[in-house]
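Enquirer: Show me the folded form of this:
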Amino acid sequence: MQIFIFLTCTCCGVLSGIVYDVLYVARCAVCGVESRAYTLKDRIFTIACDIVYTLVFAGMFIFTSVMFDFYELRLFMILGCALGAFLYLKSFHVFVAFLVKKVYNKVTLKKLSRKRSKHERIKA
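Expert: All right, here's what the predicted structure looks like:
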């Protein structure tokens, strides 16, 4: 039974990685990719995303615990969740982060070229 609980918690950790990626995409869309250039508004949005992630993860863990009758909190359950999140972040998140950075750079480059052409039209 403990192996089943560990694997279920690992899956819960992987699902939390998916939630993290959704919030990562939202954060990159609102704040940008470069964290060194964040303003106060961007930092507040990042903190809000972290709080939402924590609440969703806690809710998923509690829901899973109740659905499968895991009444006691054990260390291996927390380790399973952490392992699942770690595996997700080291595998699929790398791909998502790469795509987000590529799309962000293309959109930024397109905006910059539009701004330059508009500025050139105004001067002429």
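
Enquirer: starting at the chain centroid, how far to stretch 91-104?
Expert: Offset of stretch 91-104 from its chain centre (Cα atoms, centre = their mean, to the nearest Å): 11 Å.

Enquirer: what's the weakest-modelled helix or strand in this protein?
Expert: helix 92-123 (a mean of 80; mean pLDDT, DSSP states H and E).

Enquirer: List the buried residues in that helix.
Expert: Residues of helix 92-123 classed as buried by neighbour count (16 or more other Cβ atoms under 10 Å): His93, Val96, Ala97, Val100, Tyr104. In this view, the C-beta of every residue, glycine as well, is placed from N, C-alpha and C.

Enquirer: Tell me how far the nearest residue to Gly84 once chain neighbours are set aside lies from Lys110.
Expert: Spatially, and ignoring its direct neighbours in sequence, Gly84 is nearest to Gly13 (2.2 Å; Cβ to Cβ, 6 or more residues apart in numbering). Using Cβ to Cβ, to the nearest Å, we find Gly13 at a distance of 37 Å from Lys110.

Enquirer: Who are the contact partners of the closest residue to Gln2 other than its chain neighbours?
Expert: Leaving out its chain neighbours, the residue that sits closest to Gln2 by Cβ to Cβ, 6+ apart is Phe76, at 6.8 Å. Contact partners of Phe76, counting by Cβ atoms under 8 Å, 6 or more residues apart in numbering, are Gln2, Ile5, Phe6, Cys9.
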